[in-house]
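[1] return atomic coordinates for the entry below.
(chains A and B)
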Protein chains: 2
Amino acid sequence: MKLLDLYAKMKGELNAIERQLEAAVAEDESLLGESSLHLLQAGGKRIRPVFVLLAGRFGDYRLDELQRVAVTLELIHSASLVHDDVIDNARTRRGQPTVGAKWDNRIAMYTGDYIYAKALELMTQSRNPDLHRILARAMVQMCIGEMEQVRDFFNTEQSVRNYLRRIRRKTALLIAISCQMGAVASGADRQTSNLLYQFGYNTGMAFQIRDDLLDLLGTEKQIGKPPGSDIRQGNITLPVLLALQEPDRRDALLAEIGSIRESEGRGDTHTAIHLIRSSRGVAVAEEMAERFTSKALAALAGLPALPAKKNLSDIAHFINKRSY
Amino acid sequence: MKLLDLYAKMKGELNAIERQLEAAVAEDESLLGESSLHLLQAGGKRIRPVFVLLAGRFGDYRLDELQRVAVTLELIHSASLVHDDVIDNARTRRGQPTVGAKWDNRIAMYTGDYIYAKALELMTQSRNPDLHRILARAMVQMCIGEMEQVRDFFNTEQSVRNYLRRIRRKTALLIAISCQMGAVASGADRQTSNLLYQFGYNTGMAFQIRDDLLDLLGTEKQIGKPPGSDIRQGNITLPVLLALQEPDRRDALLAEIGSIRESEGRGDTHTAIHLIRSSRGVAVAEEMAERFTSKALAALAGLPALPAKKNLSDIAHFINKRSY
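    Reported below is the predicted structural model:
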């Protein structure tokens, strides 16, 4: 099944999630309600809710509990985005002005705090302490990941291992717990929820590596922002680290990154991008994404042959084939 | 009993809280652990833990659960402080450089996020869903309060009612739930926890009004920062609103506030402070603080005559007599 068909099939459930997302942040006479709604209405693929709902099929499908988990996780994702945008001083996201651009960065920071708090308020409506614990632990790790990203800005000496640990916390973990919590919320057994966690974790790793490749290889139209945004911000991604390992381009690339850094985000990234694109880094990063996808599919293999299994497999394949 | 004697009596319990606060944020190889520790070690009166522990005396004193609540609430208070300091671009707090000054404001924002997440992780170790719900609801309201403060900066047209609603969310609520959660964590009955909530709420209101008065009437030595910090930031407090109601000084005070605003925090506040100090606003604000303290003591009156009742009453009296 194509991904669009899956979204069409899940339309009713996803529309309900959309309404609940908006209801969660609606607050009378509060500017925070308004700024949060602005953020949520800018949309997104709602991939975390999709994972929650599909994972729930492997247990005794409990729609109200699953919706709560799905809305909570999408809120947490949105809150982390708005704080990211403060850090990057981003002006647009998904073609819309950011909260920082439409209001200011102070309001953006409190909007993030508010959405985090709203997410937790929603989660406390569930009586399952396992859900609370999984979520709280993941949030701590996610914060560390966000922080590591800031700490590692323009650090060209970091290892590939360092990069992988960072994207694990920053991205893969929330996708992993989307799958895990969907299973737990539906009372699936521990082996099932562990396999779904593994599926989500490896899919999330592949997703972030592909996303980082897209930023270097895509066109502005494909990615909704100029290519090279990561390197302009100082976010040193996997293909860059791999290109830096090649003796014939290391010095040139270091010099380019140094001048991008000095220009404080206004510098030209063409030469740097050319050096990376023409390195082996792209192919090796693609191989690593393939490997994570294979591991995700291997985890799925241990699950019963439900339609949701095929849907999850389709999503993993889709993520691994993002075109650029 | 004097307040210092109470702290001396509770020294063992408070030292344990201190160690747990530090342990809560300790995280290997994480800059966030370091920045959080810096924040926590700058100290503070730990008044929220004191309220939690004293409120716990009205039930079946459960030390481990009470400590969890106490540490959680102090962490949440600390996280809100570090985000406040980002908003105000504050350079020092309690005589120490802020996280923003020692590192930068991006790190300060993530330090706040991390401490919030750590607080929630700790709270999920409790199996009492009432505690989770009380906390999550209060956090949402606190965020709205923080936001209202930003929205109302330099708004000289706001009502006294607006001010009271803001400090309720910003300050009184966390103190109210410190008392309430202490009671709930120890299994006290609903009437007891409600009375303790009322005590905490009214004490918190008196505390914030006194704090706002102190910023106008205290010396730099007493308050640890130059007087008039609030007005310099645009935080229009109760005595200012009341002074603005006096026809013989309204225009002069508006003009002063306008020029403080234009100077972006570097202006002279002497004339403004003189206009406020010499108004009836100070006495009326003091009366309001008195009234909240009386309500706090009235709530206490409904509780059994334990030593903790006298301790809480002593704290309420102390807060109401903060010298300036």
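[2] where do the strands sit along chain A?
    Applying DSSP state E to chain A gives strands spanning A:92-93, A:96-97.
[3] any chance you could map the helices in the stretch 101-250 of chain A?
    A:105-123, A:129-151, A:160-167, A:173-185, A:190-217, A:220-223, A:229-233, A:238-244, A:247-262 (DSSP state H, counting those that start in this stretch).
[4] model confidence score at residue A:324, please.
    What the model reports as pLDDT for residue A:324 is 54.
[5] check contacts around residue A:78.
    A:36, A:39-40, A:44, A:115 (Cβ atoms under 8 Å, 6 or more residues apart in numbering or on different chains). Yep, even glycine has a C-beta here, placed from its N, CA and C like the rest.
[6] any chance of the strands of chain A in JSON lines, with mean pLDDT too?
    Output for the strands of chain A, formatted as JSON lines (pLDDT from 0 to 100):
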{"stretch": "strand A:92-93", "mean pLDDT": "84"}
{"stretch": "strand A:96-97", "mean pLDDT": "88"}
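[7] pick the most deeply packed of these.
    Burial of these is given as mean neighbour count (mean count of other Cβ atoms under 10 Å in any protein chain shown); strand A:92-93 ranks first at a mean of 18.
[8] just checking, which of the contacts of residue A:78 belong to helices?
    A:36, A:39-40, A:115 (DSSP state H).
[9] please tell me which one of these counts the most neighbours.
    When neighbours are taken as other Cβ atoms under 10 Å in any protein chain shown, the top entry among the ones in helices among the contacts of residue A:78 is residue A:115 (30 neighbours).
[10] just give the closest residue to it, not the sequence neighbours.
    In space, residue A:115 comes closest to residue A:79 once its chain neighbours are excluded; the distance is 3.9 Å by Cβ to Cβ, 6 or more residues apart in numbering or on different chains.
[11] that neighbour contacts residue A:120, correct?
    No: counting by Cβ atoms under 8 Å, residue A:79 stays clear of residue A:120, with 10.2 Å between them.
[12] neighbour count for those two, which is higher?
    Neighbours were counted for residue A:79 and for residue A:120 using other Cβ under 10 Å; residue A:120 has more, 28 against 23.
[13] for the helices of the stretch 101-250 of chain A, state which one has the densest average packing.
    helix A:173-185 comes out most buried of the helices of the stretch 101-250 of chain A by mean count of other Cβ under 10 Å, with a mean of 28.
[14] from residue B:104, how far off is the closest residue to chain B within the stretch 151-300 of chain A?
    Nearest to chain B, among the residues of the stretch 151-300 of chain A, is residue A:151, at 5.6 Å (Cβ to the nearest Cβ). Computed with Cβ to Cβ, to the nearest Å, the distance linking residue A:151 and residue B:104 is 11 Å.
[15] so what's residue A:166 up against?
    Per Cβ under 8 Å, 6+ apart, neighbours of residue A:166: A:145, A:148-149, A:152.
[16] equivalent analysis for residue A:242, please.
    A:160, A:279-281, A:284-285 are the contacts of residue A:242 under Cβ under 8 Å, 6+ apart.
[17] could you check how far it is from residue B:44?
    In terms of Cβ to Cβ, residue A:242 sits 47 Å off from residue B:44.
[18] what is the burial count for the residue nearest to residue A:85 when sequence neighbours are not counted?
    Leaving out its chain neighbours, the residue that sits closest to residue A:85 by Cβ to Cβ, 6+ apart is residue A:98, at 4.5 Å. Residues near residue A:98, counting by other Cβ under 10 Å, number 24.
[19] which residues touch the closest residue to residue A:167 other than its chain neighbours?
    With Cβ to Cβ, 6+ apart as the criterion, residue A:167 has its nearest non-adjacent residue at 4.2 Å, and that residue is residue A:208. Residue A:208 makes contacts with A:167, A:170-172, as judged by Cβ under 8 Å, 6+ apart.
[20] ok, now residue A:62?
    Here residue A:62 is in contact with A:56, A:185-187 (Cβ under 8 Å, 6+ apart).
[21] let's see that with 10 Å instead.
    Contacts for residue A:62 (Cβ atoms under 10 Å, 6 or more residues apart in numbering or on different chains) come out as A:56, A:68-69, A:182, A:185-187.
[22] next: residue A:255.
    Residue A:255 touches A:271-272, A:275, counting by Cβ under 10 Å, 6+ apart.
[23] same list (the residues you listed) but as TSV, adding pLDDT.
    TSV is the format used below for the contacts of residue A:255 (pLDDT from 0 to 100):
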residue	pLDDT
A:271	94
A:272	95
A:275	96
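[24] tell me who's in contact with the spatially closest residue to residue A:185 that is not a sequence neighbour.
    On the basis of Cβ to Cβ, 6+ apart, the spatially nearest residue to residue A:185 that is not a chain neighbour turns out to be residue A:65, at 4.4 Å. Residues in contact with residue A:65 (Cβ under 10 Å, 6+ apart) are A:52, A:56, A:59, A:125-128, A:131, A:181-182, A:184-187.
[25] ok, now residue A:220?
    Residue A:220 neighbours (Cβ under 10 Å, 6+ apart): A:226-227, A:229.
[26] can you do 6 Å?
    By Cβ atoms under 6 Å, 6 or more residues apart in numbering or on different chains, the contact set of residue A:220 is residue A:226.
[27] please tell me how far it sits from residue A:95.
    Distance from residue A:220 to residue A:95, by Cβ to Cβ: 11 Å.
[28] residue A:308 too?
    When residue A:308 is compared with residue A:95 (using Cβ to Cβ), they lie 32 Å apart.
[29] so these two - more neighbours on which side?
    Set residue A:308 next to residue A:95 and count neighbours by other Cβ under 10 Å: residue A:308 wins out with 20 against 9.
[30] just the pLDDT for the closest residue to the more buried one other than its chain neighbours.
    Closest residue to residue A:308 apart from its sequence neighbours, by Cβ to Cβ, 6+ apart: residue A:57 at 3.7 Å. Residue A:57 carries a pLDDT value of 97.
[31] for residue A:57, the count of nearby residues, please.
    Neighbours of residue A:57 (other Cβ under 10 Å): 21.
[32] residue A:89 is in contact with the residue nearest to residue A:85, correct?
    No: using Cβ atoms under 6 Å, residue A:98 is not in contact with residue A:89; the gap is 9.0 Å.
[33] if I look at the closest residue to residue A:233 other than its chain neighbours, how far off is residue A:270?
    Excluding the flanking residues, the one nearest residue A:233 by Cβ to Cβ, 6+ apart is residue A:88, at 5.5 Å. In this view, residue A:88 and residue A:270 are 21 Å apart by Cβ to Cβ.
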